[in-house]
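Engineer: Task: produce atomic coordinates for the following.
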Amino acid sequence: MEYLSIFVKGIFVENMIFAYFLGMCSYLAVSKTVKTAVGLGFAVIFVLGITVPINYLLENFVLKEGALTWLSPEYATVDLSFLSFIMFIAVIASMVQLVEMIVEKFAPALYGALGIFLPLIAVNCSILGGALFMQERQYPSIGEATVFGLGSGVGWLLAIVAIAAIREKIRYSNIPAPLKGLGITFILTGLMGMAFMAFMGIEI
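Structural biologist: As a prediction, this is how the structure comes out:
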């Protein structure tokens, strides 16, 4: 039940886009078509689902104070938490490189459509945000950290696919010229963010 609660919260209540507005650069740039949005969304799910548990292990068995006691009791006072940002980013960059190679190999058309935004997942703040939220919330097990990462990724996919579908529909709508493109997208994102605030009242 705890896993379900973390997963649902990651999708709806604590949505990376609509609750924290993390990963907005890729969200705005790649949400012009549903096809590319789905491709990038699944890439984000994969990266979050892999990096959050890896960073959880790093945090709990290498970085935080006393984490190295599994090596020897004399390391009980060692605190490497100041390396958290560097290590988290290194893990994220490595996983993004792996995703880039997989997509280029098996889906070259999607790789071409995503362009530079696929490697830019490495600097997508929602990915680093997932690792930092995991660190802040101190999940008691790697399973809960993994479910949180997957839920956050699914929430990001839901957000980008939703806005992409809307942008495709309103492409031929009579929108005032100053609001066309990013203008109306920002307005829609704000409205969707307010709509997602309704999920904050749900207790699981």
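Engineer: What is the burial count for Thr51?
Structural biologist: Neighbourhood size, Thr51 [other Cβ atoms under 10 Å]: 25. In short, each C-beta sits where N, CA and C put it, glycine included.
Engineer: so what's the nearest residue to Glu104 once chain neighbours are set aside up against?
Structural biologist: With sequence-adjacent residues excluded and distances taken as Cβ to Cβ, 6 or more residues apart in numbering, Glu104 is closest to Tyr111, at 4.6 Å. Neighbouring residues of Tyr111 by Cβ atoms under 8 Å, 6 or more residues apart in numbering: Glu100, Val103, Glu104, Leu118.
Engineer: Neighbour count added to those residues, as TSV?
Structural biologist: Putting the contacts of Tyr111 into TSV (neighbours: other Cβ atoms under 10 Å) gives the following:
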residue	neighbour count
Glu100	17
Val103	21
Glu104	14
Leu118	23
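Engineer: now, among these, which is nearest to Met197?
Structural biologist: Leu118 (30.9 Å; Cβ to Cβ).
Engineer: Which phi and psi values does the closest one adopt?
Structural biologist: For Leu118, the backbone dihedrals (degrees, to the nearest 10) come out as phi -70, psi -50.
Engineer: That one and Ala107 touch, don't they?
Structural biologist: No: counting by Cβ atoms under 8 Å, Leu118 sits too far from Ala107 to count as a contact (10.4 Å).
Engineer: Just give me how far stretch 153-160 sits from the chain centre.
Structural biologist: Chain-centre distance of stretch 153-160: 8 Å, with Cα atoms, centre = their mean, to the nearest Å.
Engineer: what's it in contact with?
Structural biologist: 7, 10-12, 14-18, 23, 26-27, 30-31, 37-38, 40-42, 44-49, 126, 130, 192.
Engineer: any idea of the mean pLDDT in it?
Structural biologist: Averaging pLDDT along stretch 153-160 gives 95.
Engineer: One more: stretch 13-28?
Structural biologist: 90.
Engineer: And the residue of the chain positioned farthest from its centre, how far from Glu65?
Structural biologist: Largest separation from the mean C-alpha position in the chain: Glu74, at 37.1 Å (Cα atoms, centre = their mean). As judged by Cβ to Cβ, to the nearest Å, Glu74 and Glu65 stand 14 Å apart.
Engineer: Skip ahead from the least confident helix or strand in the chain by mean pLDDT and say which helix or strand is next.
Structural biologist: Within the chain, confidence by mean pLDDT, DSSP states H and E is lowest for helix 108-114 among all helices and strands, at a mean of 81. Next along the chain after helix 108-114, taking DSSP states H and E as the criterion, comes helix 125-137.
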